[in-house]
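K.L.:
next come a sequence and a model predicted from it.
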Amino acid sequence: MTSISQTPSPASAQERINHALEEIALSFPEAVRPIAVHALTCGGKRLRPLLTVLFAEALGNTNPDIVMAACALELFHTATLLHDDVMDNAALRRGVPTAHTLFGIPAAILAGDALLAAGTRLVAEQNNPRLSLIASSAIFETTAGAIMEMSLQGEIAGNSDAYLKVITGKTAWMIRSACAMGAALANVSEEKISYAAEYGINLGIAFQLVDDALDFAPSSMTGKPEGGDLREGKFTPPIQMYYEALSEAEREKFHTQFAFRSFSDEDIQSITAAIRTQGYGERTRRIADSYLEKADSCLRQIDLPQSYTEIFQGLISKVRNRNH
Ligand code: IPE
Ligand code: IPE
Ligand code: MG
Ligand code: MG
């Protein structure tokens, strides 16, 4: 067994995760397999399972089996992406065509359900009800956040509490659960699990803020459509900043187009260009910074070996500076 005081390696954890995910994808029933292989083996940063493995190892569980439980988080995440791309009508993810454009909408939705089921099974195999509770709340909160976001679509919301609630649910909760699951796999105290969870929720909120900044970055960089949030009527911080700088008359026109999702390609291009020149993406990243600082202070409460504290701080920097 490797001692946790030896130099930990996120790259090796990532390799083990990728290997396990390939195996999992190939083990799906024939009807689902091509979609599972497409969704699970065409890239992805693997942030969530990596957090699970690293927290479990940092807190003392170095059993290789934890990789399987960690993969459950990637299965849940991938399921939400399959569903999200249908809801967002998105043609591109990770630089390749989305599953629903290749296999059809019903098949992509049902494959998402199969991934949720497969993830739940991996968690159940750990025989630990605490883990099952963490997993079910991850799925539940993600879904609730996504539904809340849909209910606000096309609205110019002056209310940033609603935005925070949406991103906490749809994105941060899964990242929170990844951290909490890692800590729970190491069987540590509730207090330590809560600090790991708090690190995760703050990292996750920042992660989505940066994602909303990146929505206006070139598609060649992100592998996702440019300006998708504008087309889909999501009132994210860069869009809010753009809107607030408009004159009364311009706001009225914008409001109508936003509400009816009727921006032309040229509109999207010119708004994207304005958002870039005005530096609204950067300003959004500065909002993310305040959550990353909170993540850092939660981390300090957990009392991890220094090498792991540095890895988790490295992840904070990665989220801050990420460009895909
Ligand atoms: C995309 O998540 C969906 C969001 C929560 C913003 P990631 O950016 O982690 O997607 P992959 O898995 O690395 O492609
Ligand atoms: C993340 O929001 C939604 C999920 C939690 C799946 P986005 O809709 O912004 O994610 P991307 O930009 O499509 O990856
Ligand atoms: Mg989307
Ligand atoms: Mg996005």
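P.N.:
Structure received. Ligands and ions are numbered 1, 2, ... in the order given.

K.L.:
phi, psi of residue 42?
P.N.:
Here is the backbone geometry of residue 42 (degrees, to the nearest 10): phi -100, psi 50.

K.L.:
is it in contact with residue 97, as I believe?
P.N.:
No: here residue 42 does not reach residue 97: they are 9.7 Å apart, not a contact under CB atoms under 8 Å. For glycine as for every other residue, the C-beta is placed from the backbone atoms N, C-alpha and C.

K.L.:
doesn't residue 225 belong to a helix?
P.N.:
No: in this structure, residue 225 is coil, not part of a helix, as judged by DSSP: H, G, I helix; E, B strand; the rest coil.

K.L.:
give me the neighbour count for it.
P.N.:
20 (other CB atoms under 10 Å).

K.L.:
quick one: it and residue 95 touch, right?
P.N.:
No: because the distance of 11.2 Å does not satisfy CB under 8 Å, residue 225 is recorded as not touching residue 95.

K.L.:
distance of residue 106 from ligand 2?
P.N.:
In this structure, residue 106 and ligand 2 are 19 Å apart, going by CB to the nearest ligand atom, to the nearest Å.

K.L.:
scratch that, residue 109
P.N.:
In this view, residue 109 and ligand 2 are 14 Å apart by CB to the nearest ligand atom.

K.L.:
ok, then the element right after the host helix or strand of that residue?
P.N.:
Residue 109 belongs to helix 105-124 when elements are defined using DSSP states H and E. Remark: after helix 105-124, the chain's next helix or strand is helix 129-152, criterion DSSP H and E.

K.L.:
and the residue of the stretch 151-300 of the chain closest to ligand 3?
P.N.:
Using CB to the ion, residue 228 is the residue of the stretch 151-300 of the chain that sits closest to ligand 3, at 6.2 Å.

K.L.:
what about stretch 230-250, start to end distance?
P.N.:
For stretch 230-250, the first-to-last residue distance is 16 Å (CA to CA, to the nearest Å).

K.L.:
that one: which residues count as buried?
P.N.:
For stretch 230-250, burial by neighbour count (16 or more other CB atoms under 10 Å) applies to 230-243.

K.L.:
near ligand 1, list only the ones from the residues you listed.
P.N.:
Filtering those for proximity to ligand 1 (criterion: CB under 6 Å from any ligand atom) leaves nothing.

K.L.:
okay, which residue is most central for the protein?
P.N.:
Centrality entry for the chain: nearest residue to the mean C-alpha point is residue 171, 4.8 Å, by CA atoms, centre = their mean.

K.L.:
before we move on, back to that, does the helix holding residue 109 reach ligand 1?
P.N.:
No: judged by CB under 6 Å from any ligand atom, helix 105-124 makes no contact with ligand 1; its nearest approach is 12.7 Å.
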